[in-house]
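In: the following comprises the amino acid sequence and a computationally predicted model.
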Amino acid sequence: MSLLDIRNISVRFGGVHALEEVSLNLNQGEILGLIGPNGAGKTTMLRVITGVVQPNHGEIDLEGEMLNNLPIHARVRKGLGFAQQLVRPFREMTLAENVALAAGAEQTRHPWRSMFRVERRNALQESLKWLAMVGIENAADSYPNAVPLGYLKRMEVARVLALRPRMLLLDEPLAGLNQVEATAFADILVELKSQGQTILLIEHNLAEVRRICSRLVVLDNGCKLAEGSPETVLKQPSVLEAYIGQGTVHAEN
């Protein structure tokens, strides 16, 4: 069943067409990979979905509800969870405290409730559950400067999960990780999918994209170039020419 429908999205920055009549859909409980060369329009598409960028044309539909005119915070409340490529934690807070801010978001909407210590304790306790879900509960009391990048990437996903989103939008979560770390992180995404989480993933690590994604959508120069299963898409000559390079694909087979 389709959870998110993107129809004929076009975005222009001055005379540059960042996206040109791009349509795609995200089905409930799948991992959809959005891939393409640098500058293809992938991050722009995520920003359109979250409301950071307003399209010149096209529609964004979440289970029958149009999102086009909703501000960013309203889209988050509708269930969009966005983890950015560059992690920006509160560095004076522990990982658990960073996640607790998201876990307690409902309480902070009501200032009189946020004054009670019990609400803070509950949020911190809940943060441990989300950190455990991404495999870093052992670093709950550590500060961001004391943990490796892989932990910060996982913390960012835990922070988004604490908002209980209907879908995760992930912008290159494996960037900067070695292959062992990337594989472990990708396994977490597969586990989240098995629990019913829906994920839209931008990623350049094609070995992991091929392994964990249900479908791929390829963008090139702001246009949709291909769509289908990883096995089918990554063998298409147009994709090889535009993005991967014949030798790269064979090296990862």
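Out: Yes, it's here.

In: mind listing the strands for this structure?
Out: 2-13, 16-27, 31-35, 57-62, 65-66, 80-83, 167-171, 198-202, 215-220, 223-228 (DSSP state E).

In: separation between the residue lying closest to residue 36 once chain neighbours are set aside and residue 16?
Out: Nearest residue to residue 36, sequence neighbours excluded (C-beta to C-beta, 6 or more residues apart in numbering): residue 219, at 3.9 Å. Heads up, the C-betas are built off the backbone N, CA and C, glycines and all. For residue 219, the distance to residue 16 equals 14 Å [C-beta to C-beta, to the nearest Å].

In: which one's more surrounded, those two?
Out: residue 219 (27 against 9; other C-beta atoms under 10 Å).

In: and that one, what does it touch?
Out: Contacts for residue 219 (C-beta atoms under 8 Å, 6 or more residues apart in numbering) come out as 19, 22, 34-36, 40-42, 45, 225.

In: now for the residues you listed: which two are most distant?
Out: Spatial extent of those (C-beta to C-beta) is set by the pair 19 and 35 at 14.9 Å.

In: where in this protein is pLDDT low?
Out: Across the chain, the ranges flagged by pLDDT under 70 are 1, 104-119, 243-253.

In: from the centroid of it, which residue is nearest?
Out: In the chain, the C-alpha nearest the mean C-alpha coordinate belongs to residue 170, at 1.5 Å (C-alpha atoms, centre = their mean).

In: my read is that it contacts residue 201, right?
Out: Yes: Residue 170 lies in contact with residue 201 (C-beta atoms under 8 Å); the separation is 5.0 Å.

In: look up the closest residue to residue 222, ignoring the ones flanking it.
Out: Residue 222's closest residue in space is residue 41 (C-beta to C-beta, 6+ apart), at 4.3 Å.

In: wait, that neighbour sits on residue 18?
Out: Yes: applying C-beta under 8 Å as the test, residue 41 and residue 18 come out as touching, 5.2 Å apart.

In: shared neighbours of the two, which are they?
Out: Between them, residue 41 and residue 18 have 11, 222 as joint contacts when contacts are counted by C-beta under 8 Å, 6+ apart.

In: next, show the common contact partners of residue 170 and residue 201.
Out: Counting by C-beta under 8 Å, 6+ apart, the residues touching both residue 170 and residue 201 are residue 189.

In: show me the domain layout of the protein.
Out: Taking automatic domain parsing as the criterion, the chain consists of the domains 2-79+165-252, 94-164.

In: picking up where we left off before, would JSON lines of the strands of the chain with distance to residue 149 be doable?
Out: What follows is the strands of the chain, written out as JSON lines (distance: least, C-beta to C-beta, whole Å):
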{"stretch": "strand 2-13", "distance to residue 149": "29"}
{"stretch": "strand 16-27", "distance to residue 149": "27"}
{"stretch": "strand 31-35", "distance to residue 149": "22"}
{"stretch": "strand 57-62", "distance to residue 149": "31"}
{"stretch": "strand 65-66", "distance to residue 149": "36"}
{"stretch": "strand 80-83", "distance to residue 149": "14"}
{"stretch": "strand 167-171", "distance to residue 149": "15"}
{"stretch": "strand 198-202", "distance to residue 149": "17"}
{"stretch": "strand 215-220", "distance to residue 149": "26"}
{"stretch": "strand 223-228", "distance to residue 149": "31"}
